[in-house]
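A.B. asks: Quick one: sequence plus predicted model below, questions after.
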Amino acid sequence: MLESPLLKNALGYIDGKWCAAESEKTMPVTNPATGETVAIVPVMGKTETVRAVESASRALSSPATIAQRHEWLGALADLVSSNREELGRIITHEHGKPWKEAQGEAEYAASFFRYYAGCVDHLEPRKLKERPRDLDWTVYSRPAGVVALVTPWNFPLAMLAKKFSAALAADCWSVIKPSSKTPLSVIALFALMEQAGLPPGKANLVLGPAGEISDVLCEHPAVRVISFTGSTGVGKKLMAATAPHLKRLALELGGNAPYIVFDDADVDLAVNNFMLNKFRGAGQTCVCANRLYVQSGIAGEVAEQLASKANALKVGNGMEEGTEMGPLIDLNAFDKVQRHVDDALAKGATRIAGTAPAKPGVKGGCFFPPTVLRGVTTDMECVNDETFGPLAPIIEFSDEEEVIQAANRTEYGLAAYVFTRDDDRAERVISRLSFGHVGHNTGSGPTAEAPFGGMKHSGFGREGGLEGLHDFIEYQTVAGR
Ligand code: NAP
């Protein structure tokens, strides 16, 4: 079992109190590197979720001042940042990513609390004058009310920090449901919320698989917003389930990112960025390149560099010194990557990095070697579906129009990357890519300061930037004399 000062209570948190499930049901949290149980946490359901929503609703009657919110957000930024090592250790034990990378996730989470601490002044009432009728108008940014925040396992701390920091800035009251695969980082964040002095009901934590929890969040009239990060399939289910209740949805969903390298690109820059972009989190990030398009003139050089770097990556337990890539989250994830590789090989691709991995045992770690394929074509599964693993399929192209069409040929629209030294070409290509986030000569993902989100089936709503506040605000305009 994982011992941590931030996990003294491996429990849910409702109305300012740590609590178990009324049914006394529990579930294990597994370290994907070792198969060991690192914690046992409650499995909550309808009763606890209703209690959490009611606790948040009661707190609606005690609004917090802008100064108070600024103080809480600032305190959380400092606490998350100063606990980065411990939070990182917890993330590594439940997710598997290398400890250094996990500490980076904690700093990334802190950056959202810090950014929104600096933004709360934008929520002061705005005065307007309407000349012909001589009316005075005031635009108030009211909290949207009780909000449900549902998050995935791939950035167990940061995905919640993005939502919760904006919800807290807007003075909403949250019911939080983390992935049942990785609840510990969020439990640790609740320990820090207690230290930051958040009042009872401001944030409530329910643990367990979605089922009954999700039903309550979708149907309870007090929940006004559901902010969800996860798969497109579940996003669609939430949209259907909330439609009769007219709830506002913010959906951060799956991706199928194209990474385009033109002949005139700086090849070293493109390959080095690709390595960081693709293999971070063992390829289990929504923004990572899923398809690598390389123009024919440099395809051989890119493939060679990439294969040699991928083969050199040190794969292992994230807590071991020198590990550069950890395991996949579970056997399902392993099977999906394996299926994409097998399908591509059967249809004529060539494996130029990685070897066929042994199937993990029940107790074994779900390690998949960084794999690079050449000769990939559009009929292969890895081109059309999010692999969510350490697989880099190289697709060659000859001209600009062809690659724009190919990149957009997906229902997703989250992230894309373009490498070229020609700025005119970059502008031309980027303006035609239907993706919410584009890296030009960089493989970097989002930042707290800028709005991030998807187009098409990658969802709607934005996180980060001032735009990230909108989902949690109801604008009320008052006209008077
Ligand atoms: P997931 O299976 O959709 O689960 C995400 C969350 O939704 C978990 O808390 C899960 O809980 C819950 N959930 C599952 N079924 C639900 C239902 N019917 N109703 C309500 N909630 C439900 O996704 P995941 O496997 O955790 O995450 C990977 C996916 O997230 C990838 O597609 C990735 O691209 C996407 N993602 C997107 C972004 C972005 O910013 N756009 C960021 C990160 C990840 P339980 O599993 O505990 O039941």
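C.D. replies: Nice, thanks for sending it over.

A.B. asks: ok, and for stretch 315-326, which residues are buried?
C.D. replies: By neighbour count on 16 or more other CB atoms under 10 Å, the buried set for stretch 315-326 is 315-319, 323-326. C-betas here are computed from N, CA, C, even on glycine.

A.B. asks: measure it end to end?
C.D. replies: 6 Å (CA to CA, to the nearest Å).

A.B. asks: Stretch 196-215 too?
C.D. replies: Taking CA to CA, the span from the opening residue of stretch 196-215 to its closing residue is 31 Å.

A.B. asks: burial count for whichever residue of the stretch 1-150 of the chain sits closest to the ligand?
C.D. replies: The shortest separation between the stretch 1-150 of the chain and the ligand is 4.9 Å, found at Val150 (distances taken as CB to the nearest ligand atom). Val150 has 24 neighbours, counted by other CB atoms under 10 Å.

A.B. asks: How about Ala289: which residues does it bridge to?
C.D. replies: Beta bridges link Ala289 to Ala257, judged by DSSP bridges.

A.B. asks: Quick check, it in contact with Gly443.
C.D. replies: Yes - if you go by CB atoms under 8 Å, Ala289 and Gly443 touch, sitting 7.2 Å apart.

A.B. asks: if I look at these two, which residues touch both of them?
C.D. replies: Jointly contacting Ala289 and Gly443 under the rule CB atoms under 8 Å, 6 or more residues apart in numbering are 259, 274, 277-278, 417.

A.B. asks: contact partners of stretch 70-77?
C.D. replies: The set of residues that contact stretch 70-77 without belonging to it, under CB under 8 Å, 6+ apart, is 64, 110-111, 113-114, 116-117, 120-121, 165, 168-169, 192-193, 195-198.

A.B. asks: Would you indicate which residues of stretch 326-338 are buried?
C.D. replies: Neighbour counts using 16+ other CB under 10 Å place 326-331, 333-334, 336-338 of stretch 326-338 among the buried residues.

A.B. asks: quick one on the thing from earlier: closest one to the ligand out of the buried residues of stretch 315-326, please.
C.D. replies: Distance to the ligand across the buried residues of stretch 315-326 (CB to the nearest ligand atom) is lowest for Gly326, with 16.0 Å.

A.B. asks: State the distance from the residue of the stretch 1-150 of the chain closest to the ligand to Leu160.
C.D. replies: 9 Å (CB to CB, to the nearest Å).

A.B. asks: contacting residues for Val80?
C.D. replies: With contacts defined as CB under 8 Å, 6+ apart, Val80 is in contact with 87, 106, 109-110, 113, 157, 161, 189, 192.

A.B. asks: SS state for the residue nearest to it when sequence neighbours are not counted?
C.D. replies: The shortest distance from Val80 to any residue other than its chain neighbours is 4.0 Å, reached at Ala110 (CB to CB, 6 or more residues apart in numbering). Of the three states, Ala110 takes helix under DSSP: H, G, I helix; E, B strand; the rest coil.

A.B. asks: out of Ala289 and Gly443, which sits in the busier spot?
C.D. replies: Each of Ala289 and Gly443 had its neighbours counted (other CB under 10 Å), and the higher figure belongs to Ala289 (26 against 23).

A.B. asks: Which pLDDT value does the model give that one?
C.D. replies: Reading off the per-residue confidence, Ala289 sits at a pLDDT of 98.

A.B. asks: Could you measure from it over to Phe274?
C.D. replies: Taking CB to CB as the measure, Ala289 and Phe274 are separated by 6 Å.

A.B. asks: same deal with Thr232?
C.D. replies: Summarising the geometry, the distance separating Thr232 from Phe274, computed by CB to CB, is 24 Å.

A.B. asks: who has more neighbours, those two?
C.D. replies: Between Thr232 and Phe274, counted using other CB under 10 Å, Phe274 has the larger neighbour count: 25 against 21.

A.B. asks: wait, isn't the more buried one in contact with Ala257?
C.D. replies: No - taking CB under 8 Å as the definition, Phe274 is not a contact partner of Ala257, at 11.1 Å.

A.B. asks: Quickly list what's touching both of these two.
C.D. replies: When contacts are counted by CB under 8 Å, 6+ apart, the set common to Phe274 and Ala257 consists of Ala289.

A.B. asks: need the residues of the stretch 351-481 of the chain near the ligand, please.
C.D. replies: Within reach of the ligand by CB under 6 Å from any ligand atom, the stretch 351-481 of the chain has these residues: 386, 388, 414, 454, 458-459.

A.B. asks: follow-up on the earlier one: of all the contacts of Val80, which two lie farthest apart?
C.D. replies: With CB to CB as the measure, no two of the contacts of Val80 lie farther apart than Leu87 and Phe113, at 12.6 Å.

A.B. asks: Helices of the stretch 201-350 of the chain, residue ranges please.
C.D. replies: Chain-ordered helices for the stretch 201-350 of the chain, with DSSP state H, counting those that start in this stretch as the definition, fall at 210-219, 232-242, 267-279, 299-312, 331-346.
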